[in-house]
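Asker: Let me see the structure of the following:
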Amino acid sequence: MKRETFLIAFLLIGGPAYAGPLGTFMGQAESEFEALEQGVEPTLYLSTTAPDPSPLFQKYIYRIGVEGLCSVRGNGVMSVGTDLENSTKFQFIPILTALKTKYGEPTETNIFQGWYQDKQPFSFVDELAGNDKSYWYSWESNLDRPLPFDLHAVSFNASPKSPTEAYINISYEYKNLTTCESSEIRAATDSL
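Answerer: Alright, predicted model coming up:
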């Protein structure tokens, strides 16, 4: 378990000093990415890899506008094991701990209650496996606690997929995100 915790922490915190999360940086050009597919929006791109990919994620979503990369999101699916060592709870906690080490305590935490209710208390794994709860944590850059790498915000989410699997995703938004959003609005209104 300690080895997995170290590996996850290294993957989230380590990497080249010049690059931000997943080997990306604000303003990175579209040409610097491999295997990009155009998404449904003009600035949205999909890929199965990142400049510094993490084994946590199977897919990546990039938002790249006229000023380059604005955000990156890693999406993955984790198995919810039946034993304690392989449970989502014990895979989720090291990821959250690594993010807290890198970015401090979250500025916002939400636990979304699902429809399923029972009188007995449930563990995190039971709640995810029973499609009962989603967990969301976010960090926003501010004057008291600026985020590194020109990041505006970071968010981490774990939510149920099935009784045996959970979705996880981590989103990194750079300070130039509004330029991507402006590009999308211009592209949508150019033909009006």
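Asker: Could you list every helix and strand in contact with the lengthiest helix in the chain?
Answerer: In the chain, assigned by DSSP state H, the helix with the most residues is helix 88-103. Here helix 88-103 touches helix 2-13, strand 68-79, helix 124-129, strand 133-140, strand 151-162, strand 165-174, going by 3 or more CB pairs under 8 Å, 6 or more residues apart in numbering; DSSP states H and E. Heads up, the C-betas are built off the backbone N, CA and C, glycines and all.
Asker: How about the contacts made by F92?
Answerer: Residues near F92 by CB atoms under 8 Å, 6 or more residues apart in numbering: 78, 124, 135, 158, 166, 168.
Asker: ditto for L44
Answerer: Applying CB under 8 Å, 6+ apart, we find L44 in contact with 38, 61-63.
Asker: Among those residues, name the buried ones.
Answerer: Buried by 16 or more other CB atoms under 10 Å: 61-63, out of the contacts of L44.
Asker: Out of these, which is nearest to P21?
Answerer: Set against P21, the nearest of these by CB to CB is Y62 (11.9 Å).
Asker: hang on, isn't the closest one packed against S71?
Answerer: Yes - using CB atoms under 8 Å, Y62 is in contact with S71, at 7.3 Å.
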